[in-house]
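Visitor: Have a look at this fold, sequence not included:
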């Protein structure tokens, strides 16, 4: 509920009481820009987008070894989940951060696309929900220290691949925080710390780069 930005360490007021820390990690998801502003930094242009998902029963028996199926144009995906299938239209509708709900049109689109591609019918939708995925302008995660505010560290912008990238991204963040460098195995894969830093987005903005470009 409050962040004191004068002096060091950080002083935070929360409903659970006060906290102090040398580093404030901004891992607030769709609200990461808002938290950064409260901590004294300028926003980096993160955009929250609605992602819809639903559990459904198909007209065929679901095999436990079925793979995750993703459309080549990323217009849907589905995979086994608790004896049913979990599907999504892979939507990414810009929306202000908040408590989002699924739209019936998105579920209907996903059902139509999945039925057409997979060759089975969707007999019933057992459950539906929506959440927020957050993107930076270049679609890559933001991990690293904020240049303008000492002790503010970003971990944001995982986009629609947060679950898949979470283990490696968490290790990258921890290593950058503690040692100032990326883990050796991630470096060997070609990951470069500068490609994750929030500074890259500020430089793109200052240069007038296309915000939708790579």
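Guide: Sure thing, it's come through. Just so it is clear, the model here is predicted, and its values are computed rather than measured.
Visitor: Residues in contact with stretch 164-184: which ones?
Guide: By C-beta atoms under 8 Å, 6 or more residues apart in numbering, the list of residues contacting stretch 164-184 from outside reads 23, 25, 141, 143-145, 153, 155, 158, 186-187, 191-193, 196. C-beta here means a position set from N, CA and C on the backbone, and glycine is covered the same way.
Visitor: Can you pull the poorly scored residue ranges out of the chain?
Guide: Applying pLDDT under 70 to the chain flags residues 7, 208-214.
Visitor: rerun that using 80 as the cut-off
Guide: Across the chain, the ranges flagged by pLDDT under 80 are 5-8, 204-214.
Visitor: what are the ranges of the strands in the protein?
Guide: Listed in chain order, the strands of the chain (DSSP state E) span 2-4, 10-14, 17-21, 24-26, 47-58, 69-70, 77-81, 84-88, 93-94, 122-135, 142-145, 152-156.
Visitor: Counting neighbours, which of the contacts of stretch 164-184 end up buried?
Guide: 25, 141, 143, 144, 145, 153, 155, 158, 186, 193, 196 (16 or more other C-beta atoms under 10 Å).
Visitor: So the fifth one is in contact with residue 197, correct?
Guide: To tie it back to what came earlier, the one meant is residue 145. Yes: under the criterion of C-beta atoms under 8 Å, residue 145 makes contact with residue 197 at 7.5 Å.
Visitor: Output the longest helix belonging to the protein.
Guide: helix 162-178 (DSSP state H).
Visitor: mind checking how far that one is from the chain centre?
Guide: Relative to its parent chain, helix 162-178 has a centroid offset of 13 Å by C-alpha atoms, centre = their mean, to the nearest Å.
Visitor: Stretch 81-92 too?
Guide: 17 Å.
Visitor: which other residues reach it?
Guide: The contact list for stretch 81-92, computed with C-beta under 8 Å, 6+ apart, reads 49-58, 62, 66, 70-71, 74-80, 106-107, 109-111, 113-114, 122, 126, 133, 135, 160.
Visitor: Now with 7 Å, please.
Guide: For stretch 81-92, contacts defined as C-beta atoms under 7 Å, 6 or more residues apart in numbering pick out 49-58, 62, 74-79, 106, 109-110, 113-114, 126, 133, 160.
Visitor: Can you say which of those residues are buried?
Guide: Judged by 16+ other C-beta under 10 Å, buried ones among the contacts of stretch 81-92: 49-56, 58, 62, 75-78, 106, 109-110, 113-114, 133, 160.
Visitor: returning to that earlier point: nearest to residue 42 among the buried ones among the contacts of stretch 164-184?
Guide: Residue 42 lies nearest to residue 145 out of the buried ones among the contacts of stretch 164-184, by C-beta to C-beta, at 14.4 Å.
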